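Student: I would like the atomic coordinates for the input below:
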Amino acid sequence: MKKTLLLIATALLVSCNSEVKTKIGGQNEQAIAFHNGAFAFCGASGAVPTGKKITIQGVEFDEGCAICPVLNGDAISNLSMYGEGGTWGEFNVRNNPQSPDGTENTVWSFFWYFSETDTIPQFNPNTKEWEMAPPVNRSFIIDMSAPETSESNMFAMPGIIFDTTDTGIILAKVYGPLNEMAVPLRRAVPTKDGETSITAAKEGFPYPVGTPIPPNLITK
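Tutor: This is a model prediction of the structure:
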């Protein structure tokens, strides 16, 4: 699992890959970029349906809301992400790369790889508190007949900072599509039953934040 996650992170960072760069207006326009500053990390969160529809890169999905801790540091961004509808309305990472509205009241949900030797803020369902703990990455087979085996994509989605815990953990509400893949980067693709997804969300969390991974990466 660790090797799989590293391969995915490496694939996102290879900027000369055709999935990452395309010719637009005669110039290379890059999708993946490094971000430094505040960002929401949703990789260990689940999501709940909002009852609204959100359009991601021209494709409509049911919208979900994930509560995610806000971190500060390096992260990976997808400059090609844009959408509309749902709770937030129109958003475009390329137009506002630092935060959805350009202020410190909002954050993008970006990606960073954390190993089992790191600790990150996570919700503990036993204590009902947010606590620092190592991420436990797992894979699961998507079965969209149940929330626990469905999936949500919160990569490069808009988030609103709304709370700080007694221990200083800042939290944001992030809005993104249910059952949509984070990769490929430039187009929205619905998930399918039977695909393998990865997440750091605990078993039993509804719509765990993650993405299906290609079979060739699973076997490496």
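Student: mind listing the helices in this protein by residue range?
Tutor: 2-13, 215-218 (DSSP state H).
Student: wait, what's in contact with residue 35?
Tutor: 74, 75, 76, 77, 97, 98, 108, 110 (C-beta atoms under 8 Å, 6 or more residues apart in numbering). For every residue, glycine as well, the C-beta is placed using N, CA and C.
Student: please redo it, this time with the cut-off set to 6 Å
Tutor: 75, 77, 110 (C-beta atoms under 6 Å, 6 or more residues apart in numbering).
Student: Restricted to buried residues, select the residues you listed in PyMOL.
Tutor: Selection of buried members from the contacts of residue 35 for PyMOL, criterion 16 or more other C-beta atoms under 10 Å:
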select buried, resi 75+77+110
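Student: which strands and helices sit next to the longest strand that the chain contains?
Tutor: Criterion DSSP state E: the longest strand present in the chain is strand 59-78. Secondary-structure packing of strand 59-78 (3 or more C-beta pairs under 6 Å, 6 or more residues apart in numbering; DSSP states H and E): strand 32-40, strand 48-56, strand 170-177.
Student: Would you reformat those strands as TSV and include distance to residue 104 and mean pLDDT?
Tutor: Below are those laid out as TSV (distance: least, C-beta to C-beta, whole Å; pLDDT from 0 to 100):
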stretch	distance to residue 104	mean pLDDT
strand 32-40	7	96
strand 48-56	24	98
strand 170-177	11	98
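Student: what's the most buried one of these?
Tutor: Mean neighbours per residue, mean count of other C-beta atoms under 10 Å, is largest over the helices and strands packed on strand 59-78 for strand 170-177, with a mean of 25.
Student: Name the residues that touch it?
Tutor: Contacts for strand 170-177 (C-beta under 6 Å, 6+ apart): 40, 42, 54, 56, 61, 63, 65-68, 70, 86-88, 107, 109, 153-154, 157, 159-164.
Student: next one: that strand to chain centre, how far?
Tutor: Centroid separation between strand 170-177 and its chain, computed with C-alpha atoms, centre = their mean, to the nearest Å, is 10 Å.
Student: Tell me the strands beside it, with direction?
Tutor: strand 59-78 (antiparallel), strand 157-164 (antiparallel) (DSSP bridges).
Student: can you put those in CSV and add mean pLDDT and distance to residue 116?
Tutor: CSV is the format used below for the strands paired with strand 170-177 (pLDDT from 0 to 100; distance: least, C-beta to C-beta, whole Å):
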stretch, mean pLDDT, distance to residue 116
strand 59-78, 97, 17
strand 157-164, 98, 26
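Student: wait, which of the ones you listed is closest to residue 138?
Tutor: Residue 138 lies closest, by C-beta to C-beta, to one member of the strands paired with strand 170-177: strand 59-78, at 17.1 Å.
Student: tell me the angle that closest one makes with strand 32-40.
Tutor: Counting by axes from the mean of the first three to the mean of the last three C-alpha atoms, to 10 degrees, strand 59-78 lies at 100 degrees to strand 32-40.
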